[in-house]
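Participant: Got a sequence here, can you model it:
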Amino acid sequence: MNVKKYMAMGFTLALATSMTACSDSDNDNDNSDAKSKSTNDSYEYQVSVSNLTHNQPFSPLAVVLHDNSEVLWSLGEAASTSLEILAEGGDATSLIADADTAGAYDTELGDGVIPPGEMVTLELESDAYDEMFLSVVTMLVNTNDAYTGKQAIDVSALEIGDSLQLNLPVYDAGTEANNELAGSIPGPADGGTGYSDVRDDTNVVSMHPGVVSNTDGYTDSVLDSSHRFDSPVAKLVITRTQ
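Facilitator: Residues are numbered from 1 along each chain as shown. Reported below is the predicted structural model:
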């Protein structure tokens, strides 16, 4: 499924049902001239993300395997345009393209939403380098610009068969006001617009304060109590398989 076309359809309720995500990117980039290879031949990782929320589908999962120079976001600083597109509309294709251009070892992008209670697994592979870091990111689509993920996870020391488990918090891209208004939420709660190049919020990445919803008296909100979330919203498991 084409991700951009999918996001443009507004994450309708039918598309927010259970889907099996798979990889649509296979970018094992050759960085042998710029990176320091280790003595091993290759690394392979299995990356699984479980949606722990009650009613917040996740956009297609983006995963990047890279060295320690790759930065997808920084707390207290303005989001990149690619992160803004992901956080407001769930489209990670630009973010993946940026990572490839920056010399990521491998990038993978799931092709379906991750419904509440469901899990998606992607696989990455690369030549072995002394620095091996992994980053993941996905949008909470029943929000204005909330996303979850973790970046620069050091997986260099994982042996074959070893796993690393982490809980994922929620970030606010700071690019769109959390007004919860009709027409502003791209997920099935509203089916509104996604990315807009107009930034009308703090313009810095921060931890997300959560949604208010109409249940708490915010009558203009299109969200209800089912769309609330507590951190963590996702569980991440990374397993080295080769």
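Participant: wait, what's in contact with Ser221?
Facilitator: Counting by Cβ atoms under 8 Å, 6 or more residues apart in numbering, Ser221 touches Glu180, Leu181, Val211, Val212, Ser213, Asn214. For glycine as for every other residue, the C-beta is placed from the backbone atoms N, C-alpha and C.
Participant: For the longest strand seen in the chain, which outside residues touch it?
Facilitator: The single longest strand within the chain, with elements called by DSSP state E, is strand 37-51. Residues from elsewhere that reach strand 37-51 (Cβ under 8 Å, 6+ apart): 57-58, 61, 63, 65, 108, 114-130, 132, 134, 136, 138, 155, 158, 168, 233-242.
Participant: same thing with stretch 63-70?
Facilitator: Counting by Cβ under 8 Å, 6+ apart, 31, 35, 43, 45, 47, 72, 96, 99, 102-109, 122, 124, 126, 129, 131-136, 151-152 sit against stretch 63-70.
Participant: where does this structure dip in pLDDT?
Facilitator: Where the chain drops to pLDDT under 70, the residues are 1-40.
Participant: now do 90
Facilitator: 1-42, 128, 217 (pLDDT under 90).
Participant: quick one on the thing from earlier: tell me the strands beside the longest strand of the chain, with direction?
Facilitator: Note on strand 37-51: by DSSP bridges, its sheet partners are strand 119-129 (antiparallel), strand 234-240 (antiparallel).
Participant: by how many degrees do the helix or strand that the first one is followed by and strand 119-129 diverge?
Facilitator: Using DSSP states H and E, the helix or strand that follows strand 119-129 towards the C-terminus is strand 133-139. For strand 133-139 and strand 119-129, the angle between their directions (axes from the mean of the first three to the mean of the last three Cα atoms, to 10 degrees) works out to 150 degrees.
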